[in-house]
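Colleague: Sequence and predicted structure, then a few things I'm wondering about:
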Amino acid sequence: MTRIAIIGGGVAAHTTLKSYLAAAGGDRDPSTDTVDIFTTEPHAPYRRPEVNKGMLLTGKTPAEVALPGGILTEPGVTLHLSTVVTAVDPAAHTLTAGDTTYAWDRLVFATGAGPRLLDPTTNPWLADRDVHYIRTPEHSAALRTRLAGLAPTDTVVVVGGGVLGLEAASAAATLSDAQVHVLEMGDEVCARMLPPTASRWLRDRHAEHGVTVTCGLDAAALAAQIDRLDPTVVVVSVGAVRDTMLAEDAGIAVGERPGAGIIVDPAGRTSAPDVWAAGDCVEVHGEVDGVPVIVRPEDEGSARTLGTLVGRQLAATGTAAATAERGSYLTEQRRGWTNQYGLMLNIVGDAGTASDDRREQVELSSPEELVVFTVASGAPGAGDVVTGVTTVGRSPEVRAAKNALGTVLTA
Ligand SMILES: Cc1cc2nc3c(=O)[nH]c(=O)nc-3n(C[C@H](O)[C@H](O)[C@H](O)COP(=O)(O)OP(=O)(O)OC[C@H]3O[C@@H](n4cnc5c(N)ncnc54)[C@H](O)[C@@H]3O)c2cc1C
């Protein structure tokens, strides 16, 4: 008998379940090997990236972008919608939701993250403004309705020039007649995730659609810009806060703030026995080439990768089997994407150039196509290595470039 509990109803929870069921296969007896999935949301698991794509742009419903539902109705699997887990007791192996206490043998936190909310006391410009955040279908529906009603004399300001902020700006420019401005505190948009040429490429696409992007604003300059623009609608997209509170209250190790996640090893194991975590709620502690690293995933691919690893371990029995099944998130290839104005920008590997030993190498750049390699210095005489590939387009040249990850470049 194995009773599994998964807290969360996003892609990490869904992938964990899928991986567990596949790994357990015919060994599982659904009358005793049960899975309970708890989600605060009223919707069955859906693809969150669609919140600011299909849902915002075309009004799709969560059901229309749902993750495959068949596994949720497998015998022994129970999905608890609109159910908040309020406490976890790792020693007793129980959790509490509403008035009910559930016993579990193996537990997974897949609690995700929420938008980082700005504090009105330190950001007085928020007062009396129509402020939107975007994380849930409900956020999306409210913003979509609002944008559709705007006139050319109206102004939308997006605070934050990360990927989600730029996607919101492209939606605002597509759905409304308003003037759209993006205000970014850093020196460049998407600087953490993209090489500089790709960031500039995105800015150029926004300029073509009449969106003004202003970077390098400190808090005072940001407030002054908002006063000047007097926006009808403000969309705030300044990052996510990992949902760690439940784990923290249960005495499970959580990282240091800001940015804290539930600490897991590269296989998704937390500090508590029989407890794993996957998706946006975690920070992964491990080593790459003998160097300690902490990775804080915030993308769908990472949630799927960790969920897959965790699901396999849930199904494994016996110490040897569990060890063999573990695997490592840090050795899996990372993939990300953003879709703006119908143009899909793909990232394979680690494409940011924030560290000193990284540089970019531009292979191709036009309004329709882009290929940029992110290159790390190799050992002396050994050549440089492609650590990330950023592309737009589908031509044979662009497709071929995606295979360059890990290639050693001759000097
Ligand atoms: C608008 C938007 C656009 C995005 N676009 C992209 C993209 O283009 N590409 C990409 O790779 N990534 C994108 N992302 C990121 C990606 O969606 C996330 O990385 C991924 O969805 C994380 O999945 P998750 O399951 O960890 O968390 P979530 O999807 O946040 O799910 C967490 C779940 O946990 C539940 N929960 C939390 N606490 C409790 C509790 N106490 N009790 C019960 N349930 C609880 C919540 O209700 C929720 O259902 C986007 C994110 C957003 C917000």
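Modeller: The structure has been received and is ready for your questions.

Colleague: going forward, measure contacts and count neighbours with C-alpha atoms only.
Modeller: Will do.

Colleague: Can you tell me the closest non-neighbouring residue to Cys190?
Modeller: Spatial nearest neighbour of Cys190, excluding adjacent residues (C-alpha to C-alpha, 6 or more residues apart in numbering): Gly162 at 4.5 Å.

Colleague: got it, and Asp350?
Modeller: Spatial nearest neighbour of Asp350, excluding adjacent residues (C-alpha to C-alpha, 6+ apart): Gly388 at 4.6 Å.

Colleague: Might you enumerate the residues of the stretch 1-150 of the chain proximal to the ligand?
Modeller: With C-alpha under 6 Å from any ligand atom as the criterion, the stretch 1-150 of the chain meets the ligand at residues 7-13, 38-41, 48-49, 51-52, 83-86, 110-113, 134-135.

Colleague: Buried subset of those as a PyMOL selection?
Modeller: A single PyMOL command selects the buried members of these (16 or more other C-alpha atoms under 10 Å):
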select buried, resi 7+8+9+10+11+12+13+38+39+41+48+49+51+52+83+84+85+110+111+112+113+134+135
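
Colleague: if you look at the residues of the stretch 1-150 of the chain next to the ligand, which of them are in strands?
Modeller: Mapping these onto strands (DSSP state E) picks out Ile7, Phe38, Val85, Thr86, Ala113.

Colleague: Out of those residues, which is nearest to Ala169?
Modeller: Distance to Ala169, by C-alpha to C-alpha, is smallest for Ala113 among those, at 21.6 Å.

Colleague: surely Glu368 meets Val392?
Modeller: Yes: if you go by C-alpha atoms under 8 Å, Glu368 and Val392 touch, sitting 7.0 Å apart.

Colleague: Who has more neighbours out of these two?
Modeller: Higher neighbour count among Glu368 and Val392: Val392, with 25 against 12, using other C-alpha atoms under 10 Å.

Colleague: one step back: common neighbours of Glu368 and Val392, please.
Modeller: Both Glu368 and Val392 are contacted by Leu343, under the criterion C-alpha atoms under 8 Å, 6 or more residues apart in numbering.

Colleague: Over the longest helix anywhere in the chain, what's the mean pLDDT, rounded is fine.
Modeller: What stands out as the longest helix in the chain, according to DSSP state H, is helix 300-315. The average pLDDT within helix 300-315 is 96.

Colleague: Next: stretch 21-30.
Modeller: Mean predicted confidence for stretch 21-30 is 94.

Colleague: same check, this time on stretch 279-294
Modeller: 94.
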